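S.K.: I'd like to go over a predicted model; first the sequence, then the structure.
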Amino acid sequence: MDRYFPLFIKSGDVRFLVVGGGKIALRRVNTLMKFDFSIRIVSPSLCTGLEKLAGSGKIEYIKDIYRKEYLSGCQLATACTDRRDVNREAGKDCREAGIPVSVCDCRNECTFYFPAIAACDDVVCGIAGGEDHGKTRRIASEIREIVEVEK
């Protein structure tokens, strides 16, 4: 069984590549924006929520298929398209380049995971679990209730 160490990183000067433009990418981007990452998205198209963010200039959007060259200048990445071959390729390229990557459709290709997050002011809790995503969501919800009471 793989083990993962929870690690918190300074996000302000970090460029995060998001490969994909659908609902999962939108969820990832919404989480990343809360932590002030510089976000680059590469996808042939975007869902409505990502279109709005790209149009507002809050994220960098490259309208194209994924290419290895788009990793340049990125320190973290997530591959979250609806195409297994694209996610596999992006994950492989990231691992070879030493860029930590979360691959949405293949746990074995991830070097990190997106945790469930409970946060207020200067306290951030990341909750990650095994295969039981429902359990992880329940625990995260309980922690969020505690954190909100502490506000």
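M.R.: Yep, it's here. Numbering: from 1, shown residues only.

S.K.: residue contacts, the closest residue to Tyr70 other than its chain neighbours?
M.R.: Leaving aside its sequence neighbours, Tyr70 sits nearest to Val42 (C-beta to C-beta, 6 or more residues apart in numbering; 4.8 Å). In this view, the C-beta of every residue, glycine as well, is placed from N, C-alpha and C. Shown in contact with Val42 (C-beta atoms under 8 Å, 6 or more residues apart in numbering): 17-19, 62, 64-67, 70.

S.K.: how does it look with 7 Å?
M.R.: 17, 19, 62, 64, 66, 70 (C-beta atoms under 7 Å, 6 or more residues apart in numbering).

S.K.: Direction included, what does the helix or strand hosting it pair against?
M.R.: Here Val42, judged by DSSP states H and E, is contained in strand 38-43. Using DSSP bridges, strand 38-43 pairs in its sheet with strand 15-19 (parallel), strand 60-63 (parallel).

S.K.: Report the distance from the first one to the chain centre.
M.R.: Translated: strand 15-19. Centroid separation for strand 15-19 versus its chain: 8 Å, with C-alpha atoms, centre = their mean, to the nearest Å.

S.K.: tell me the centre residue of this structure?
M.R.: Computing the C-alpha centroid of the chain and ranking residues by C-alpha atoms, centre = their mean puts Arg28 first, at 4.3 Å.
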